[in-house]
Structure formats: structure tokens, C-alpha cells
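Participant: have a look; sequence and predicted model below, questions after that.
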Amino acid sequence: MAEVNITLDGDEVALRCTPKAMKDLCTKHGSLVALQQRVSGLDFNAAADTVEAGIGTKQLAHLKLNRAQVEEKIYEAGLLELSSSLTRYILLLANGGKEDATGEYEAASEGNG
């Protein structure tokens, strides 16, 4: 299972690529393309949805994080700072959690923040 690590409140947190995360995000945003456009446009709610889905319900409970706390940590980390990692995560989800052999995912996320 592919992961993208982000730093929230000084702690490294893994966003895990899972079918549930992809389904949840597509249900909320219509498609991964729509989600990616919102994240690239620095949509705070889209970013929070992505972080929540990537962390997962069980891990959020283990970390004792609710939506408001996730949002606060994203704000403190900086949406601009997180956007490239969130873009990379969305691209990995779109590819079934597999790395792109061409390096296109890295190039796409590097230009985003």
C-alpha cells in the first residue's frame, strides 16, 4: 500500500492509498480530477477531506483527532506547504496506489507548491 507522508503539528502522518479513501473522496467530490483541481486551487475543505481519507477512520480515532483538529493542523502546517503532497497522494490513488514509472507524479506534485 502506497503512502505519502505529511507533517502535521510536528508529527509525520502517513496518508495511505486505499480503495475506501478513493471511494470516499470520489463520493464527496465527484471524481479524483475534481478533487485534484480543488486541492490545486487551495480549497481548504478539499484538503481536509483528503487528509482525513488518507489517515483513515481508525487511525484518526487512534490519534484522537476530529475534523476540527485536522483542520487546525492543516492551517498551522500551511495549505500551500501541503498542496504538493496532497496532489501526489491523489495521483497515487488514481493509479491504484502504485508509483508511476515515468516520474510524472513527482513532476506534477513538484510544480504545485
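Facilitator: Cool, the structure landed. Here the structure is a predicted model, which means the values were calculated and not measured.
Participant: number of nearby residues for residue 18?
Facilitator: By other CB atoms under 10 Å, 16 other residues sit near residue 18. For the C-beta atoms, the positions are set from N, CA and C on the backbone; glycine is no exception.
Participant: now swap in residue 40 and tell me
Facilitator: If you count neighbours by other CB under 10 Å, residue 40 ends up with 18.
Participant: what's it sitting at in phi/psi?
Facilitator: Dihedral pair for residue 40: phi -60, psi -30, per degrees, to the nearest 10.
Participant: need the next SSE after the helix or strand containing residue 33, C-terminal direction.
Facilitator: In this assignment (DSSP states H and E), residue 33 forms part of helix 32-40. For helix 32-40, the following helix or strand on the C-terminal side (DSSP H and E) is helix 44-55.
Participant: which stretches in this structure count as strands?
Facilitator: With DSSP state E applied, the chain shows strands at 3-8, 11-16, listed in chain order.
Participant: residues in contact with the first one?
Facilitator: Same thing as strand 3-8. Applying CB atoms under 8 Å, 6 or more residues apart in numbering, the contact partners of strand 3-8 are 12-17, 51, 54, 70, 73-74, 76-77, 82, 85-86, 88-89, 92.
Participant: any quick PyMOL command for the buried ones out of those residues?
Facilitator: Here is the PyMOL command that selects the buried residues among these (16 or more other CB atoms under 10 Å):
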select buried, resi 13+15+16+17+51+54+70+73+74+77+82+85+86+88+89+92
